[in-house]
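Q: got a predicted structure plus its sequence, pasted below:
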Amino acid sequence: MKEGENIRTLRQGEETDHFNMLNLCYGPWGSEEEWRRRYALHPDFDATENVVIVEENGEWAGGGTAWFREALLKSNKKIMVYGAGDLYVHPDHRGKGIYSTAMRSLNHLAKKKGVVLGFAYPSIYRLPSMALPKYGFVEVFYPMTHVLVLNPEKFFQFLISRARKAFLSEKFNGLKFKLTVSFDTPKGRYEVTDDFQVEKGQIHESKDAQEKGRMDLMVKAEVGVLLRLVSGFYLEKRRSLLLFVLAALLKRRLKFRFSLRFLKLFLGL
């Protein structure tokens, strides 16, 4: 433990403070009602035992959550497992190793409870999976999953809600872009379009009607291509991602136009 650092579990009555930290750090995480329904009111969840808080010089700097469950093996033997999630670091304390402290504290807490296996599901918008081995996690195989989108409008909003959790470089503040996503539905091809802009390092829907005509970037993509692109920025090697982009462009599954301003920002000129 570093000097000035203190690790503890959530105290009774601090649930709202913890939820507010989630919203501050994830921007936003969700509603307090959702947090209480999914975690605080769950019969197998005790916030005063499952939530780890990291303090730095007396200030609430970060935290994380552990879920403990029994897993049934093929031999009918039961083992204790845990899932690590909702790790966060206050904006004023980023870059100080708080995330690592929170993750290692969750692992230590799980070990004390006799946990045999731990699971982590990294967000593609934050912690790349290649960072997990230093905490003892190893990559496991996930089978290919295919989905059929029955409600494109709702799925589009879901994608945008996830994208809002991404933190972009401040140099992109003020950037405006149009996104068009196409879906293959049982009733045929369907497209959803909306305008967005980057504010304070995050993506927001564009509300300025006068600026609708000026776009720094226009992207049109099939939903499968878009999902692969977003995850690829974090989970794939650049060369394989570039090859995928070129193939998508040649097959016209991806189209984009950009302004000189966007090109300069992207290249760091």
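A: That came through, no problem. Numbering: from 1, shown residues only.
Q: and what about the residue sitting furthest away from the middle of the chain, helix, strand or coil?
A: Seen from the C-alpha centroid of the chain, the residue lying at the greatest distance (Cα atoms, centre = their mean) is Ser75, 35.3 Å away. Recorded secondary structure, Ser75: coil (DSSP: H, G, I helix; E, B strand; the rest coil).
Q: do you know how far it is from Lys113?
A: 22 Å (Cβ to Cβ, to the nearest Å). For every residue, glycine as well, the C-beta is placed using N, CA and C.
Q: just the CA coordinates of the lengthiest strand in the chain, formatted as CSV?
A: Using DSSP state E to assign secondary structure, the strand with the most residues in the chain is strand 59-72. Presented in CSV, the C-alpha positions along strand 59-72 are these (Å, rounded to 0.1, in the frame of the first residue of the first chain):
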residue,chain,number,x,y,z
GLU,A,59,-10.2,11.6,-0.2
TRP,A,60,-12.5,9.1,-2.0
ALA,A,61,-10.3,8.3,-5.0
GLY,A,62,-11.8,5.1,-6.5
GLY,A,63,-13.4,1.8,-6.0
GLY,A,64,-14.7,-1.4,-7.4
THR,A,65,-17.4,-4.1,-6.9
ALA,A,66,-17.2,-7.9,-6.4
TRP,A,67,-20.1,-10.4,-7.0
PHE,A,68,-19.8,-13.7,-5.2
ARG,A,69,-21.6,-16.8,-6.5
GLU,A,70,-21.5,-20.6,-6.2
ALA,A,71,-20.6,-22.4,-9.5
LEU,A,72,-21.6,-26.0,-10.1
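Q: which secondary structure elements does that strand sit against?
A: helix 15-26, helix 47-50, strand 51-56, strand 78-89, helix 98-112 (3 or more Cβ pairs under 8 Å, 6 or more residues apart in numbering; DSSP states H and E).
Q: what strands flank that strand, and is each parallel or antiparallel?
A: Applying DSSP bridges, strand 59-72 is found paired with strand 51-56 (antiparallel), strand 78-89 (antiparallel).
Q: torsion angles phi and psi at Arg253?
A: phi -90, psi -10 (degrees, to the nearest 10).
Q: strands along the stretch 101-250 of the chain, start to end?
A: 117-120, 176-185, 188-199, 202-205, 217-222 (DSSP state E, counting those that start in this stretch).
Q: which other residues reach the third one?
A: Which is strand 188-199. 152-153, 156, 160, 168, 172-184, 203-206, 208, 212, 215 (Cβ atoms under 8 Å, 6 or more residues apart in numbering).
Q: same question for it: list its buried residues.
A: Under the neighbour-count criterion of 16 or more other Cβ atoms under 10 Å, strand 188-199 has 190, 192, 195-198 buried.
Q: and those residues as a markdown table, adding distance to Leu241?
A: Converted to a markdown table, those look like this (distance: Cβ to Cβ, whole Å):
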| residue | distance to Leu241 |
| --- | --- |
| Tyr190 | 27 |
| Val192 | 24 |
| Asp195 | 26 |
| Phe196 | 22 |
| Gln197 | 25 |
| Val198 | 21 |
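Q: which of these lies closest to Arg228?
A: Val192 (17.9 Å; Cβ to Cβ).
Q: with Phe177 as the reference, measure out to that closest one.
A: With Cβ to Cβ as the criterion, Val192 and Phe177 are 15 Å apart.
Q: what do you get for His204?
A: When His204 is compared with Phe177 (using Cβ to Cβ), they lie 11 Å apart.
Q: which one of these two is surrounded by more residues?
A: Phe177 (21 against 12; other Cβ atoms under 10 Å).
Q: what's the nearest residue to the more buried one if we skip its chain neighbours?
A: Of all residues not flanking Phe177 in the chain, Leu217 sits nearest, at 3.8 Å (Cβ to Cβ, 6 or more residues apart in numbering).
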